[in-house]
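Undergrad: pasted the sequence and its predicted model underneath.
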Amino acid sequence: MDKCDVLIAGGGPAGSACAWSLRRSGLDVLVLDKATFPRDKVCAGWITPPVLTALRVDPEQYASRRTFQPLTGFRVGLIGEDDFVDVNYAHPVSFGIRRCEFDEYLLRRSRARLQLGQPVASIRRDGARWIVNGTVSASMLVGAGGHGCPVARTLNERIDRAPLIAAQEVECEIDSRAASSFAVAAERPELYFCRDFKGYGWCFRKEGHLNVGFGRLDPRALPRATLEFVGFLKRRGKIPVDWSPRWRGHAYLLAGPGRRTAVGDGVLLAGDAAGLAYAQSGEGIRPAIESGLLAATTIVEANGDYSSNRLIAYEERLRKRFGVSSLERLVSLALPEKLSAVVARRAIGSPSVVRHVVLDRWFLHR
């Protein structure tokens, strides 16, 4: 039996950030993941400066051998309409990364022990310890395996009530000879919202790669809405008319009312396993990293007593950091859905609202 202080199920940003912080505090940490790294993780993939600060990542060192695209502006519009708003900043406000590179970098840097290519097949409680796969014994268990995390299923028997986002994405390398066929500026991602504001699509250059994706609150409408979005991009000349990518899909839960319980005796959930993606943008990298760090702080403070009473402070930290604000809740209750869509459509046409609300507040969290 392999014993450790903390077993983390999931080696993505949440698990890696938690492991990195715990190892800095001297705990023995084992990360278990069904994938081998580097893994092919499709994601729009941009990170804001606070992510680098929180993880103490040196941008120059990271960029020396990996994709690291500075973003200094955005183009925002509605799908099917010709009008759009260009917002430009005087300095980089975000950076485009590839998840296959970023996730491996964080995982290896954590200095945790790794068991990769090993899915979680069984979880059981044995006194004050967790036994995973019949081979690993841990005092503390962290679920960081995404929306379908087995640790999250163990902790949450009820059906999820939080809003579910479904997305389809593709990321491909752009041959230098064909680069002119993709009319998207590398430093300026393009975001286009649905008219009912239940989803949006993006077209995003990361140095020599292109990422196109579409996410929506109504999963049943996703395939048709994605095709409409791609057709819109082709008509605008953003991508070649004969471009036919192989889509990959995934789903995740949004932060807010109805999200999963994230604390139990000897167990915490972080990142997508806890349902923490930002409600307005669906972005999950920064919430994953910040929740992983908060989980590590809570575990260290518990000082070996991992009862739920000692760990419950983590729930309060999540609520303060990712809960829906009272103003946002008031607006959602006061405005009928159809009226909300009308207000939102007019807002997208306002450069000031697009910059200070849609981008600064919803997407960049400045």
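TA: Nice, I can see it.

Undergrad: and the contacts of the helix or strand where residue 205 lies?
TA: Using DSSP states H and E, residue 205 maps to strand 199-206. Contacts to strand 199-206, defined as CB atoms under 8 Å, 6 or more residues apart in numbering, come from residues 44-46, 67, 69, 79, 96-98, 174, 182, 184-186, 189-194, 210-218, 222, 225-226, 229, 232-233, 238-239. Quick note: C-beta positions are derived from backbone N, CA and C, even for glycine.

Undergrad: what's the mean pLDDT across that strand?
TA: For strand 199-206, mean pLDDT is 92.

Undergrad: ok, stretch 318-331 next?
TA: In the prediction, stretch 318-331 has an average pLDDT of 64.

Undergrad: show me what stretch 288-299 is in contact with.
TA: Contacts of stretch 288-299 (CB under 8 Å, 6+ apart): 6, 12-22, 25, 27, 51, 54-55, 140, 142, 144, 268, 270-272, 274, 276, 306, 311, 313-314, 317-318, 321-322.

Undergrad: try it again at 7 Å.
TA: With CB atoms under 7 Å, 6 or more residues apart in numbering as the test, stretch 288-299 has contacts from 6, 12-15, 17-18, 21-22, 51, 54-55, 140, 142, 144, 268, 270-272, 274, 276, 311, 313-314, 317-318, 321.

Undergrad: separation between residue 61 and residue 68?
TA: Distance from residue 61 to residue 68, counting by CB to CB, to the nearest Å: 10 Å.

Undergrad: so these two - more neighbours on which side?
TA: residue 68 (20 against 10; other CB atoms under 10 Å).

Undergrad: isn't the more buried one up against residue 60?
TA: No. The pair residue 68 / residue 60 is not scored as a contact, 9.0 Å apart, by CB atoms under 7 Å.

Undergrad: how near is residue 263 to residue 89?
TA: 38 Å.

Undergrad: among those two, which residue is more densely surrounded?
TA: Counted by other CB under 10 Å, residue 263 and residue 89 do not tie: residue 263 has more neighbours, with 22 against 18.

Undergrad: and residue 56, how many neighbours does it have?
TA: 9.

Undergrad: pLDDT below threshold where in the chain?
TA: Scanning the chain with the threshold set as pLDDT under 70 gives 158-162, 176-181, 256-258, 324-344.

Undergrad: quick one: the helices in it?
TA: 13-24, 49-55, 59-63, 99-109, 150-155, 222-235, 285-302, 308-311, 313-322, 326-334, 337-348, 351-353 (DSSP state H).

Undergrad: those helices: which one's closest to residue 259?
TA: With distances scored as CB to CB, the stretch of these nearest to residue 259 is helix 313-322 (8.4 Å).

Undergrad: any idea of the angle that closest one forms with helix 285-302?
TA: Helix 313-322 runs at 150 degrees relative to helix 285-302, counting by axes from the mean of the first three to the mean of the last three CA atoms, to 10 degrees.

Undergrad: what's next to helix 313-322, contact-wise?
TA: 255, 262, 263, 268, 274, 276, 287, 290, 291, 294, 295, 298.

Undergrad: show me the contacts for the spatially most central residue of the chain.
TA: With distances taken as CA atoms, centre = their mean, the residue of the chain nearest its centroid is residue 284 (1.9 Å). Residue 284 makes contact with 252, 271, 272, 276, 277, according to CB under 7 Å, 6+ apart.

Undergrad: and with 10 Å instead?
TA: Neighbouring residues of residue 284 by CB atoms under 10 Å, 6 or more residues apart in numbering: 12-14, 43-44, 146-147, 165, 252-255, 271-272, 275-278, 291.

Undergrad: what do you get for residue 54?
TA: Residue 54 neighbours (CB under 10 Å, 6+ apart): 17, 21, 286, 289, 290, 292, 293.

Undergrad: let's have those in CSV, adding distance to residue 118 and neighbour count.
TA: CSV is the format used below for the contacts of residue 54 (distance: CB to CB, whole Å; neighbours: other CB atoms under 10 Å):
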residue, distance to residue 118, neighbour count
17, 20, 28
21, 23, 22
286, 28, 21
289, 23, 25
290, 27, 24
292, 20, 31
293, 25, 20
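
Undergrad: right, I'll leave it there.
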